[in-house]
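Q: Predicted model, plus sequence, below.
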Amino acid sequence: MDRTRRRRTGALTGAVAALTLTLTGLSGLSTASAASAADAGTRAVPKHAVTGYWQNFNNGAQVQKLADVQDEYDIIAVSFADATGTPGEVTFNLDSAGLGGYTVDQFKADIKAKQAAGKSVIISVGGEKGAVSVNDAASANAFADSVHKLMQEYGFDGVDIDLENGVNSTYMSQALKSLSGKAGSGLVLTMAPQTIDMQSTSTEYFKTALAVKDILTVVNMQYYNSGSMLGCDGKVYSQGSVDFLTGLACIQLEGGLAPSQVGIGVPASSSAAGGGYVAPDVVNNALDCLAKGTGCGSFKPSKTYPDIRGAMTWSTNWDASSGSAWSKSVGAHVHGLP
C-alpha cells in the first residue's frame, strides 16, 4: 500500500518475469485462528474464507470502526503495523484522530466482538511504503517478539505479511516459525505478495511461503497494480481478466502450496488501486474455474482445486464506499463454494 496516497499499490510495471516451477507437492495446514488454545475450535478460519484489509487511516474511503466491517469478512487484516527504530520490530498506533475519535479500548472491544462472531482479526505488516526489514537473526527475533506482544496486547489472532519492498526468505521464515512457537497452533498467518513475487518458486516470497507452509493459512496474492505476467502454461496474461486470475493462481497451486493456502486478492473498487480492478463476477468466475472447472476464460487448468481458500480485497473501507457491492457478491460466492 502506498502510504502517501493512502491506497494499496505495488511498484510493479509491466515486465514479464521468467517462470520456473518446481513441483513440491501439496501440504496440509493449520487454520485455527485463536489467540489461545481454548478459543481455537470456535474461531477456526472457514474452509472457504474472505479476507479484507481494514484501514487504520482516512484516505477518502469510508471510515470504519472495526465493528463496522461487513459480516462477510472472515479474516480482517488491520493495516498497518509500524516499524520502530529497532530492525525487525513493529508496533501499532491506532489513528484515533483520523478515525473520528476511535479509542484503543473501543478497538480492543471490537476485536473481541468480531472474534466472538467467529472472525479472525490479524495485524498486517508492510504496505508499499512499509519499512520493516528482517534480514538477520536479531531482526527475526525482534519481529517475532514484537508481533507476539501485539497479539497479547490487542488480542490479534495472527499476522499478515505484506512486505512489498523485499523479503529475506531465510530470516522471515525463521521469524514466523518463532512466532508460531510463541503463539501456538492457533496462529493465523497470511501473506499478500505482488504478482512478480510469485512467478517462480525461486523468488524469496514464494520460498518463504513454502518454508512455512505447515503454519501458513493463506497467500492472497495482489492481482492488481501489475503488468502482464506469465501463467502456469507459459502464456502471457494481462491484469483485469479471468485468465490473469486463474493462470497466475495455477503457479501457486502447482508450485507447492495447498489449494486451501491460495486466495485471489483484488481491489474492492476502481478507486482502491491504480489498475487491475475487476468486477465481482469476474472474481466469482475465476473461483469457479479453479474450484469446479466452470466459468473459465481461454485458460482452463488441467484439474480442479475444490479446496481453494477464497478471495481477498483492499479494502473493507473501499468496499463500504461502494455500498459493499464486492463483499455482498464475492462473499456470498466464496461461502457457497463446495
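A: Thanks, I have it. Numbering: from 1, shown residues only.

Q: Just the CA trace of the helix or strand harbouring W318, in CSV.
A: Under the criterion of DSSP states H and E, W318 resides in helix 316-321. C-alpha atoms of helix 316-321 as CSV (Å, rounded to 0.1, in the frame of the first residue of the first chain):
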residue,chain,number,x,y,z
THR,A,316,-13.2,-3.1,3.6
ASN,A,317,-13.4,0.7,3.6
TRP,A,318,-13.4,1.0,-0.2
ASP,A,319,-15.9,-1.8,-0.3
ALA,A,320,-18.1,0.2,2.1
SER,A,321,-17.7,3.3,-0.1
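
Q: who touches that helix?
A: By C-beta atoms under 8 Å, 6 or more residues apart in numbering, the residues outside helix 316-321 that reach it are 52-55, 59, 61-64, 68-70, 73, 76, 267-269, 271-272, 313, 325-327. The C-beta positions use only the backbone N, C-alpha and C, and glycine is treated the same way.

Q: chain center to that helix: distance?
A: Averaging C-alpha positions (C-alpha atoms, centre = their mean, to the nearest Å) puts helix 316-321 16 Å from its chain's average.

Q: If you average the pLDDT over that helix, what comes out?
A: In this model, helix 316-321 has a mean pLDDT of 98.

Q: same check, this time on stretch 110-123
A: Mean predicted confidence for stretch 110-123 is 98.

Q: Let me see the mean pLDDT of the helix or strand that comes right after the helix holding W318.
A: Using DSSP H and E, the helix or strand that follows helix 316-321 in sequence is helix 325-326. On average, the pLDDT along helix 325-326 is 98.

Q: Which strands or helices does helix 325-326 pack on?
A: If contacts are counted by 3 or more C-beta pairs under 8 Å, 6 or more residues apart in numbering; DSSP states H and E, helix 325-326 sits against no helix or strand.

Q: The contacts of helix 316-321 in helices, which ones?
A: Taking DSSP state H, the ones among the contacts of helix 316-321 that sit in helices are 325-326.

Q: just the buried members of the contacts of helix 316-321?
A: Burial by neighbour count, judged by 16 or more other C-beta atoms under 10 Å, picks out 52-55, 59, 61-64, 69-70, 73, 76, 267-269, 272, 313, 326-327 from the contacts of helix 316-321.

Q: and those residues, which of them are in strands?
A: 52-55, 76, 267, 313 (DSSP state E).

Q: Which residues lie in contact with K119 in this structure?
A: 43, 73-76.

Q: Next, the buried residues of stretch 175-186.
A: In stretch 175-186, counting by 16+ other C-beta under 10 Å, buried: 175-176, 178-180, 183, 186.

Q: send the alpha carbons of that stretch over as PDB?
A: Extracted in PDB, the C-alpha atoms of stretch 175-186 (Å, rounded to 0.1, in the frame of the first residue of the first chain):
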ATOM      1  CA  ALA A 175      10.800 -15.200  12.400                       C
ATOM      2  CA  LEU A 176       7.400 -16.700  11.500                       C
ATOM      3  CA  LYS A 177       8.400 -20.100  12.900                       C
ATOM      4  CA  SER A 178       9.500 -18.400  16.100                       C
ATOM      5  CA  LEU A 179       6.200 -16.500  16.300                       C
ATOM      6  CA  SER A 180       4.300 -19.800  15.800                       C
ATOM      7  CA  GLY A 181       6.200 -21.300  18.600                       C
ATOM      8  CA  LYS A 182       5.100 -18.400  20.900                       C
ATOM      9  CA  ALA A 183       1.500 -18.100  19.700                       C
ATOM     10  CA  GLY A 184       0.700 -21.800  19.300                       C
ATOM     11  CA  SER A 185      -1.200 -23.700  16.700                       C
ATOM     12  CA  GLY A 186      -4.000 -21.100  16.600                       C
END
